[in-house]
Each structure stands twice: as C-alpha cells, then as structure tokens.
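Below is the sequence, then the predicted model.
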Amino acid sequence: MFTYILRRLLQGVIVLLVASMICFVIFRFMGDPVVTLAGRYATFQEMEEVRQNLGLDKPIYIQYVKFLWNAAHGNFGKSYVTRIPALGLILERFPATFELVTLAVFMAFCVGVGLGVLVSIKPYALRNRFIMAGSLGGISIPTFLMGILLIMVFAVYLGILPPFGRGKTIAIGPWRTGLLTVDGIKHLVLPALTLAMYQLAVLLRLTRAGMREVLTEEYIKTAWAKGLSPFKVIFKHALRNVLIPVITITGLQFGELIAFSIVTETIFQWPGMGNLLLTSMYENDQPVIVTYIMLASLIIITVNIIVDILYGLINPKIRYE
Amino acid sequence: MSDRRIKSKFLYSYLHDPSAIAGSIILCIFILAAVLAPWITPQDPYDLEKLTLDNFLTPPIWKEGGTAPFILGTDDQGRDILSTIIYGCRTSLIVSFSVVLIVGTFGILMGLLAGYYGKWIDVVIMRLADTGYSFSTTLMAFLFLGIIGRASVFIVIIAISIAGWVRYARTMRGSVLEVKEEAYIMAAKATGASDFRLLSRHILPNAIPPIFVVVAVDLAVVIMLEATLSFLGVGVPLTRPSLGMMISIGKNYIYVGMWWMIVFPGAALILLVVGINLFADWLREELNPKIERKT
C-alpha cells in the first residue's frame, strides 16, 4: 500500500512536470514576452534590458529551471493586462468556482444516484420510463445550451431568477461567499443546475446500469430469501457495491467538471476562475493562462490520487502489490 | 452457421426496439440533409454574394414580418436560419465522423498493443491513457484551441483527438485481455501464427464488439463538444457554419424576445444527439451479456 501511494505520487509529479514544460513553451514561444512587456514602441535598448531582467538571454534549460523554481514558489509573473500577480488574480476567484462546483456535484450525486436506484428497482414501470427519457435528454443537451435555455425560461420569461453574476457576497477573511445571502443563493441556482444536469444524468445511468447487474447476483437473491427488508437489501447489499465504481468514475472525471465549469461560468458571467481563463485567452494574457493550467493540473492530480487511495480503502478486494 | 444465427438475433432485437429504429432514422435524416445541403437549402448562408443585410433578423414565416424563402427567419447577417442549421449539421457530422475515425483507429491500436504485449508497453500506454482520461477530452481540446486560436476545422478535429483516443484504448485493452486467454488463441499460437496474424485475424475481430458502443456514444459526445467549442469562440472559424456559433449569436438577442435564433438550432442539435444516443443505448444493452432483456 505504501509503495503504491509513493508510486502514485511520483507519477503525479511526472505529469505535473510535463504540464509545466508545456506551460513553459506556451509562455516562452506563444508571442514574444519581451514585446508584450516592453511595449510595441520600445527602443532596442529597452527591449534588451527587459530581456536581461527576465533572464531570456540565458540558455533555454536554465530558463526552464528558473520557471519551475518560481512556479514552485507560487510566482507565475504578473498578468499582462492588469499588472497584478497572476496567482493572486486566480486565487481571488477560487471561492466562486469552488462554491459553484461543490454545490453542482452535491446535487448531481444525490439526485442522480437516488433516481438511479429508484429506476433500477422497477425498470419497466411507466414513471421510471419517464425518468429514463429525462436522463436521455440530460446527456443529450450540451451544458452551454442547458444554461441558455434555463436563462430563457427562468430569467427572461418568468423573471424569477437572475441571469448573471454572483449577487451579494459576504467576506469571511479572504473567502467571499455567496451562500449566506438570499441574493447570493438566488444567483447560484441556475449556474449550479446547469453544471449539475449533465453529471446528474450520467450518474443516474451509471447507478441504474450497476444496480441492474448487481440485482441479478446470487448474494442479493440470498438476501431477499433471508427475508431482509427491501431497504436493507437495496441500500446495504446492492447499492454499496454499485457505489464504488460510481464514486471512482466521478472522481476521475474531475477534469471534465472543470472544463464544464468554464462553460457555465462564461454563460452566467460567474466571477470565477473559468471565466477569467476565457477572458485571458481572448486577450493573450499568458501568465494567467499558464497559472490556470498549472493550478488545474495540480487539483486534478490531487483529486485522482485521493480517489485511487480511497478506492483501495473502500474495496478490500483490491490489493496493491 | 452459428455466426449467422447470432447476426439474425441481432437484427431481430433491432427490429423489435422502436427507440433504436427511431434513433437510426433520425441519424439517417440528418446525414441525408447534410449531404444534400446545397440542393435542398434555399440559400447558401456562407456565400457572401447571396446575402443581403436587408433581410437581417426576420422572424419565422408564420410570425408577422416573416418573409418568403426564410421559413425559420434569419440571423443578424441576413443568413437563413434553416439553411445555416443544415450546413451547421454538415460541419458537426464532418467533425464527429473524422474524430471518431482518427481516435478509433489510434485508440484500438494502442489498446491492442497494451493488452497483447503487456509489460512496459502496457504501463506506458495505460499511464498516458489515465492522464488523458483525468484531464478529459473537453478540457484538453479547450486549452489547446484557446492557446492556438481558432484556425480551421482540421485543427478542431486534432484538438478533440488529443485525449479522445483514451476511451477506445482502455476498452480495447480490457477486451483483449479477456480474449487473449481463450483456447482458440492458444491453438492459433500453437500452429505458429505470427504476432501480426494473431492480432489482426484472431484477436481484433473477437475483441472489437465493445468498441462499437464507444463509437456510438462518442459520435454524440463529439458533436456536443464541437458545438460547445464553437459557442465559446474557440471552435470552427467564423467563416464556417456551426450550430454552436448560431446559438452564441442568438444569445445576444434573447432579451429582445427573438427565441427562434436559439430554439431552432438548439432543437436540431438536441435531436441529432438524442438520435445517436437512442441507437447507442440499444447497442449497449444488446452487447452487454450481464443484463437480461425484456421488452
């Protein structure tokens, strides 16, 4: 187990190194940082000065090591547009993204798994066929379209929920939360629903498929025959075994969730990291893009390692050699 | 003999599943419309000579102000919405079939190699696949295009393919590992068949069925992904019709009540994806030996 975790960590470090190399290439070769920093009308001398200050006159591997060193210390340079350190710029927007993603995952998981179990018990009942049809819609409507349709219905026609922004927020230390005001929660409903919908449908289908396989197993028949209550058979015996792969897949697809959070934040002008990333892409603000990629890689890798280790703890059948 | 019976059982199940039939009919109609686009649309929306700005933002024909050839109205450049939808589906289908062809071939090859040879080949390929899987096709394509900038349909296809092969490789590897242990593979090996012959003639045909489900699901996923990328402004270039781009234009007009600019292309996109998914659902259940089917 210990060597497994060690190997897993090493692997994570390698992936991070590759990501940093790609980031370095973006930073160094996508547009000349000297021109961007010194300004288009700088004299040759001024440009030479900037080049030396940035260390761009040194050999490429020394530049990379320096880049890594700075990155490890959280120094990714200043945003070209706002002249504020890129990491600070992104971290400031982290709470908004975190609240959105967490709420969406929570909703998707509870409703998705719940409905999945419900449907699997009587797969051919009329009500459950409707739920399945709904889940087909859920996986067939892309997130961005879902967001726009929700805005059209709830914000434009019914006018009961706000279409964009985060509303009133309250600062608790460095963390600005929107969860403590009615206005903030109202603003959170539509984006969270948008982000949750696709995941919800996927989880529903995964749970249903898993339950249908497990419910035909011998040990479930035994459990019924023993006269256990349906609640115990379904939740304690069946669902437990289904949840392991479901949780693993949810955890491993964290990257997908980050990608869709970019889409959702853009549609609802949610002041989070994803929205900032898209704006930075339009403005060629490389330090911010690079910081975002490194941060996202770090988060994804961490979540993956945690999921892998938990998987081993929940499922005693898995042995790490 | 037995092979023939299985095939007919397959066909039997297909003909008795209304949603599978409905799904494939929808897909066929979309493909037909996309192929015949130049002959069935009233206007080529991306031929600048045929556009006049006089016709911009007209509503559908049954509403007041709707005019003759524009059945579903026009957008802000005077492009006929129905024609743009049909041409947009063309882009969607071209992108999704190309991507599936590329990632399918590459992924199956990787899965075969990893599953058959094992050892370090397996480790290298599967670690790569794990990484691609956790970073997700969507995120990789988005970051790649966001950095390169919107260039061409070809670049979009490449961007989606970067991490897209992973699911094929994983599925194929799992399937190969099962097939590899079968007695007939041992028998073929014993007769002195070469690795190439063993892989191409014995393992590939027997290990490939699970891949069909991945292909069907992926067709739908890629269509949605292309629309998403184009919606965000990092997808196909502005000079190419795309459902995602239509919706992003329509988004500017939702507050003035011009719902048709979003609802029609959106409905086309959803219908196309639902059609493919209906077919994929049937295929998945049909190829899964663990589930008993009742209808």
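That came through fine.

Which residue ranges of chain A form strands?
Assignment of strands within chain A using DSSP state E yields the ranges A:170-172, A:175-177.

Mind checking these for the one nearest to A:G137?
Across the strands of chain A, the minimum distance to A:G137, taken as C-beta to C-beta, is reached by strand A:175-177, at 32.6 Å. Placement of C-beta: from N, CA and C, glycine included.

And the closest one, what does it pack against?
In terms of contacts (3 or more C-beta pairs under 8 Å, 6 or more residues apart in numbering or on different chains; DSSP states H and E), strand A:175-177 is packed against helix A:86-121, strand A:170-172.

low-scoring pLDDT stretches of the chain, where are they?
No chain was given, so I picked chain A. A:31-33, A:36-37, A:40, A:54, A:315-321 (pLDDT under 70).

um, chain B though
Counting by pLDDT under 70, the low-confidence segments of chain B come to B:1-7, B:48-55, B:57, B:65-66, B:150, B:289-295.

max-length helix in it?
Ranked by residue count, the top helix of chain B under DSSP state H comes out as helix B:81-117.

in the chain, which residue is closest to the centre?
All of this refers to chain A. Ranked by distance to the mean C-alpha position of chain A (C-alpha atoms, centre = their mean), the top residue is A:I258 at 2.7 Å.

Please refer instead to chain B.
By C-alpha atoms, centre = their mean, the most central residue of chain B is B:L219, 2.0 Å off.

which one of the helices and strands packed on strand A:175-177 lies closest to B:S24?
Each of these was scored for nearness to B:S24 using C-beta to C-beta, and the closest is helix A:86-121 (24.5 Å).

Work out the gap between that closest one and the centre of the chain.
For helix A:86-121, the distance between its averaged C-alpha position and the chain's averaged C-alpha position is 8 Å (C-alpha atoms, centre = their mean, to the nearest Å).

What are the buried residues along it?
If you call a residue buried by 16 or more other C-beta atoms under 10 Å in any protein chain shown, then helix A:86-121 has these buried ones: A:86-87, A:89-90, A:93-97, A:99-101, A:103-105, A:107-109, A:111-113, A:115-120.

okay, the strands of chain A in a markdown table with mean neighbour count next?
Listed next are the strands of chain A as a markdown table, based on neighbours: other C-beta atoms under 10 Å in any protein chain shown:
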| stretch | mean neighbour count |
| --- | --- |
| strand A:170-172 | 10 |
| strand A:175-177 | 15 |
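
for those strands, which one sits closest to A:L193?
Evaluated with C-beta to C-beta, these place strand A:175-177 nearest to A:L193, the distance being 19.1 Å.

Give me the distance from the closest one to the chain's centre.
Mean-position distance between strand A:175-177 and its chain equals 19 Å (C-alpha atoms, centre = their mean).

ok, back up a step: would you turn the helices and strands packed on strand A:175-177 into a markdown table with distance to chain B?
Formatted as a markdown table, those follow (distance: least, C-beta to the nearest C-beta, whole Å):
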| stretch | distance to chain B |
| --- | --- |
| helix A:86-121 | 11 |
| strand A:170-172 | 29 |
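
Save these as CSV, and put in distance to B:F135 too.
Formatted as CSV, these follow (distance: least, C-beta to C-beta, whole Å):
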stretch, distance to B:F135
helix A:86-121, 16
strand A:170-172, 32
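
Enumerate every residue touching A:Y282.
Contact criterion C-beta atoms under 8 Å, 6 or more residues apart in numbering or on different chains gives B:G233 as the residues in contact with A:Y282.

Could you show which parts of the stretch 1-150 of chain A are in contact with chain B?
A:11, A:15, A:26, A:30, A:124, A:136-137, A:139-145, A:148-149 (C-beta under 8 Å from any C-beta of the partner chain).

Please check those and keep the buried ones.
Listed as buried from those are A:11, A:15, A:26, A:136-137, A:139-145, A:148-149; burial here means 16+ other C-beta under 10 Å.
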